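Novice: My questions are about this predicted structure, shown below with the sequence.
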There are 2 protein chains.
Amino acid sequence: MDKQIRVTAFAMNTPTHLSPGTWRHPASQGRRYKDLSYWTDLARTLERGLFDGLFIADVLGAYDVYAGTPDAALRGGAQVPVNDPMMLVSAIAHVTRHLGIAVTASTSYEHPYPFARRMSTLDHLTGGRVAWNIVTSYLDSAARNIGLDRQVGHDERYDIADEYLEVVYKLWQGSWEDDAVRADDHYADPAKIHPIAHEGRWFTVPGIHLCEPSPQRTPLLFQAGTSHRGKDFAARHAEAVFAVAPEAAMLRKQVEDLRGRVAAAGRDPHDIKVFSGCTVITGETEAEARAKYDEYRSHIDPEGMLALFSGWLGFDLSPYGLDDPVRVVPNHAVQSIAETLGQGDWTVRDLLERLALGHPPVIVGAPDKVADEIQQWIEETGADGLNLGHVVTPSTYEDFVDLIVPELQRRGAYKTQYADGTLRHKFFGRGDRPAPTHPGSRYTHAALD
Amino acid sequence: MDKQIRVTAFAMNTPTHLSPGTWRHPASQGRRYKDLSYWTDLARTLERGLFDGLFIADVLGAYDVYAGTPDAALRGGAQVPVNDPMMLVSAIAHVTRHLGIAVTASTSYEHPYPFARRMSTLDHLTGGRVAWNIVTSYLDSAARNIGLDRQVGHDERYDIADEYLEVVYKLWQGSWEDDAVRADDHYADPAKIHPIAHEGRWFTVPGIHLCEPSPQRTPLLFQAGTSHRGKDFAARHAEAVFAVAPEAAMLRKQVEDLRGRVAAAGRDPHDIKVFSGCTVITGETEAEARAKYDEYRSHIDPEGMLALFSGWLGFDLSPYGLDDPVRVVPNHAVQSIAETLGQGDWTVRDLLERLALGHPPVIVGAPDKVADEIQQWIEETGADGLNLGHVVTPSTYEDFVDLIVPELQRRGAYKTQYADGTLRHKFFGRGDRPAPTHPGSRYTHAALD
């Protein structure tokens, strides 16, 4: 296999992301999430390991479905407190040269006009290394705190998101022509800067974009929709998706389904990169890796896990005993448990067993064994790479960089240096801007006039 | 005089801030506003000169009152294109240790719940060095692009801003008790984390703040309101204000008026620091400074200036000839020309003469003469320091740091090292949190229950 496996690190601006309680591990730096040096150190580690990017998840609410309060999430440091991911980007860009930085932002909570400016600013400051993970949001707690009684309905959220994308494409792709900035006698040529005159159902934006064209114009677009509507949205807009499944055959089916939808949307099926959720626990030897696995598990806070599960499932698990069955069905969450484990009947204990160390597959072992399994997983699933979660941060990433990356490189399955150029160019090798068949490319200035 | 003069640099994420066209000066780095290294270099220069802070202005719209289009502003690089200031903060914090970073953000365009999180995140990442310059916004173009027909009325904007501040105080000051984060067996103690249960006229925010307490909790608050309503708002909330006047007596009157309003609001009149707008052009000799002044003027784009003036005045100057009189009256703009020059009848030529190099006083000369004038200005006005604009960036700041700072230090009128601690502690020497008489201090967790 000569396919080079891409890797992003899956993190969040919070004490613990997918494994509540692990900030208590002696090696964990999770409590330092609020310090700038935690992030600049992590970014340098990832760039040393030639990671494609740092993918920063986000929610704008606390997980309060469990027992109807955020208490269990707060005790476990389970995605709360949670700081803003966008504020990290410029410092990370300053200490790295190639690492992509994917920030999660919702189409439900900020108007597209200021949002488009924020992302253009980041694309300028990073030299074209920023990506946007598009989410429509799924926590009622977030909706309530911005003054809505509850979340807008799921399908309507996607309708809004479609128009939101239309607005930002017009601003990013269409408003300023490539040669609008002259910087000679005049700074810019107004004849080459176009008001977008957008009047839609949800948004009215008459004016010009406030930013000159950034290296990528549209930031590289990530998405992780798991519902039918979400998958169609991803097939239309996304250039990279994050997908999770416990077995290779299930992920292969997801990948094939997605590539089919991408083709149906008039795009090349490989104009979308699939990153498979994955957790790797490794050490110099098999025994060391196993010992680490057991030790990591011992730091998990089960109640914090159940707080996350209740949020993802959309119902309260607090009345359930460990051996009670839980009916898992797709619930439209960004990353539902049904997608992660497969739907069906599980006990609470099963959920804890299988998800406590993050997204499956959880690959444990010495470097050669881990490399074997990763290569096999990529081959069998058709995914392009891994979105690597952590149990203990930054140890999980340091171990991967020090032990797994060299092993994969020896096998020719991992890059030995970064390609030059913007994040999009690194992904597709075809320049900085969205592909001609991508919907963003439709919104040229000519189309606006 | 042994008063130590405070200095902030007044900048904007755009090619030219107050002197359109000066990006064309050979020494200007204005075109590099979109590069991260421009900002990190500038921040290092300011910290070398022991500046108290970098104050970043912002507007969310283009100046399109002049001739009814943004064309003149675009040609002059006059505050458009304009990138987001908040995105700069973490990189600036990374390359400095003491410099304060004041970002401008409007209470009109983003919901207070996500905004409070952004600022708490920045306060964490900067170690308590962030300030918020509160604006209510004044450009119709910005309002239109977020879907409003026009700006909401001026007084209503301040009513909204008052409630906005109430919401963010509750989140920043009241939601999490100081010892809510334990990081022992539990990350946080839910009994010490309080939902704010805010139900107001404009905002409903039932939940907890998403961030644990940051060093300052409430970022240091700047404001620059010039209307009566704006001054009362500043007197209630601001801990630093930015004020502009062409003559010392006028500024003194403003400062006294403001301190009176602060006292009337139940606060110590000196719990607010006044930064006077000011421009300094200097060189090794008087002749060198004069030559620089003339050369700088030659790069000004008059039409770009008129685009800014039309936005500030609220009417279109394009039909006016250079010698036509312009009736200047206060118009509620953040920094109105009436405030800057005094109200009355001026010709267009007068405006260009007096404002082309930024806010008055424009002090030109060799270092000893400039230091004399600065000391006299501070003494006569009662201001605490200068908000130093630039004509050519970063030359204006480099000159000040290399020539004026040492001269003021020799006179004992400028610090020779930074004080330790957060920005608020550096300003007032009384700890990290707002003073007990500041309205933010009222919103303790006890007050929420």
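Specialist: Yes, it's here. Just so you know, these numbers come straight off a predicted model, no measurement behind them. Residues are numbered from 1 along each chain as shown, chains lettered A, B, ... in the order given.
Novice: where's residue A:170 relative to residue A:448, distance?
Specialist: Between residue A:170 and residue A:448 the distance, using Cβ to Cβ, to the nearest Å, works out to 6 Å. Where you see a C-beta, it was placed from the backbone N, CA and C, and this is true even at glycine.
Novice: Name the residue in those two with the higher neighbour count.
Specialist: The residue with more neighbours, out of residue A:170 and residue A:448 and counting by other Cβ atoms under 10 Å in any protein chain shown, is residue A:170; that gives 26 against 15.
Novice: With adjacent residues omitted, what lies nearest to that one?
Specialist: Of all residues beyond its chain neighbours, the one nearest residue A:170 is residue A:196 (4.0 Å), with distances taken as Cβ to Cβ, 6 or more residues apart in numbering or on different chains.
Novice: I'd guess that neighbour is in a helix, am I close?
Specialist: No. Residue assignment for residue A:196, taken from DSSP: H, G, I helix; E, B strand; the rest coil, gives coil, which places it outside any helix.
Novice: Can you tell me which helix or strand of chain A has the lowest average pLDDT?
Specialist: With mean pLDDT, DSSP states H and E as the measure, the helix or strand of chain A carrying the lowest mean pLDDT is helix A:337-341 (a mean of 74).
Novice: now for that one, which elements pack on it?
Specialist: Counting contacts by 3 or more Cβ pairs under 8 Å, 6 or more residues apart in numbering or on different chains; DSSP states H and E, the secondary-structure elements packed against helix A:337-341 are helix A:302-313, strand A:325-328, helix A:348-355.
Novice: Any idea which of these has the lowest pLDDT on average?
Specialist: Taking each of the helices and strands packed on helix A:337-341 in turn, the one with the lowest mean pLDDT is strand A:325-328, at a mean of 85.
Novice: Listing partners with orientation, what would you give for that strand?
Specialist: When sheet partners are counted by DSSP bridges, strand A:325-328 sits next to strand A:344-347 (antiparallel).
Novice: buried set for the partner strand?
Specialist: Buried positions in strand A:344-347, judged by neighbour count with 16 or more other Cβ atoms under 10 Å in any protein chain shown: residue A:346.
Novice: what comes into contact with that strand?
Specialist: Here strand A:344-347 makes contact (Cβ atoms under 8 Å, 6 or more residues apart in numbering or on different chains) with A:322-328.
Novice: mind checking how far it is from the chain centre?
Specialist: Averaging C-alpha positions (Cα atoms, centre = their mean, to the nearest Å) puts strand A:344-347 27 Å from its chain's average.
Novice: Let me see the mean pLDDT of it.
Specialist: Mean predicted lDDT for strand A:344-347 stands at 86.
Novice: Need the CA coordinates for it. PDB is fine.
Specialist: Taking C-alpha atoms only, strand A:344-347 is exported to PDB below (Å, rounded to 0.1, in the frame of the first residue of the first chain):
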ATOM      1  CA  GLY A 344     -29.500  -1.400  18.400                       C
ATOM      2  CA  ASP A 345     -29.800  -2.400  22.000                       C
ATOM      3  CA  TRP A 346     -26.800  -1.900  24.300                       C
ATOM      4  CA  THR A 347     -26.500  -1.700  28.000                       C
END
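Novice: Make JSON lines from the helices and strands packed on helix A:337-341 and add mean neighbour count and distance to residue A:430 to it.
Specialist: Formatted as JSON lines, these follow (neighbours: other Cβ atoms under 10 Å in any protein chain shown; distance: least, Cβ to Cβ, whole Å):
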{"stretch": "helix A:302-313", "mean neighbour count": "24", "distance to residue A:430": "36"}
{"stretch": "strand A:325-328", "mean neighbour count": "16", "distance to residue A:430": "40"}
{"stretch": "helix A:348-355", "mean neighbour count": "18", "distance to residue A:430": "38"}
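Novice: Adding distance to residue A:159, write those out as CSV.
Specialist: What follows is those, written out as CSV (distance: least, Cβ to Cβ, whole Å):
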stretch, distance to residue A:159
helix A:302-313, 23
strand A:325-328, 27
helix A:348-355, 31
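Novice: Among those, which comes closest to residue B:38?
Specialist: Taking Cβ to Cβ as the criterion, helix A:302-313 is the member of the helices and strands packed on helix A:337-341 that comes nearest to residue B:38, at 41.5 Å.
Novice: contacting residues around that closest one?
Specialist: By Cβ under 8 Å, 6+ apart, the surrounding residues in contact with helix A:302-313 are A:16, A:18-21, A:63-66, A:70, A:72-73, A:75-79, A:139, A:316-318, A:326, A:328, A:331, A:333, A:335-337, A:348, A:351-352, A:355-356.
Novice: Can you tell me the closest non-neighbouring residue to the residue in the stretch 101-250 of chain A that chain B sits nearest to?
Specialist: When you check the stretch 101-250 of chain A against chain B by Cβ to the nearest Cβ, the closest residue turns out to be residue A:187, at 3.2 Å. What sits nearest to residue A:187 in space, not counting adjacent residues and going by Cβ to Cβ, 6+ apart, is residue B:77, at 3.2 Å.
Novice: tell me the contacts of the one you found?
Specialist: Neighbour list for residue B:77: A:187-188, B:14-16, B:20-21, B:23, B:30, B:301, B:304 [criterion: Cβ under 8 Å, 6+ apart].
Novice: Check residue A:407 too.
Specialist: Counting by Cβ under 8 Å, 6+ apart, residue A:407 makes contact with A:367-368, A:370-371.
Novice: Low-confidence regions, the stretch 101-250 of chain A specifically.
Specialist: Across the stretch 101-250 of chain A, residues meeting the criterion (pLDDT under 70) sit at A:138, A:149-151, A:225-226.
Novice: Does the helix or strand containing residue A:142 reach chain B?
Specialist: Counting by DSSP states H and E, the element that carries residue A:142 is helix A:140-145. Yes. Under the criterion of Cβ under 8 Å from any Cβ of the partner chain, helix A:140-145 makes contact with chain B via A:141, A:144-145.
Novice: Return the set of buried residues in that helix.
Specialist: Buried residues in helix A:140-145, defined by neighbour count with 16+ other Cβ under 10 Å: A:140-145.
Novice: Wasn't residue A:131 part of a helix?
Specialist: No. Remark: residue A:131 does not belong to a helix; assigned using three-state DSSP, it is strand.
Novice: Settle this for me: it is touching residue A:102, isn't it.
Specialist: Yes. Contact status for residue A:131 versus residue A:102: in contact at 3.7 Å, counting by Cβ atoms under 8 Å.
Novice: Just give me the residues shared between the contact sets of those two.
Specialist: If you check residue A:131 and residue A:102 against Cβ under 8 Å, 6+ apart, the residues they both contact are A:53, A:55, A:220, A:222.
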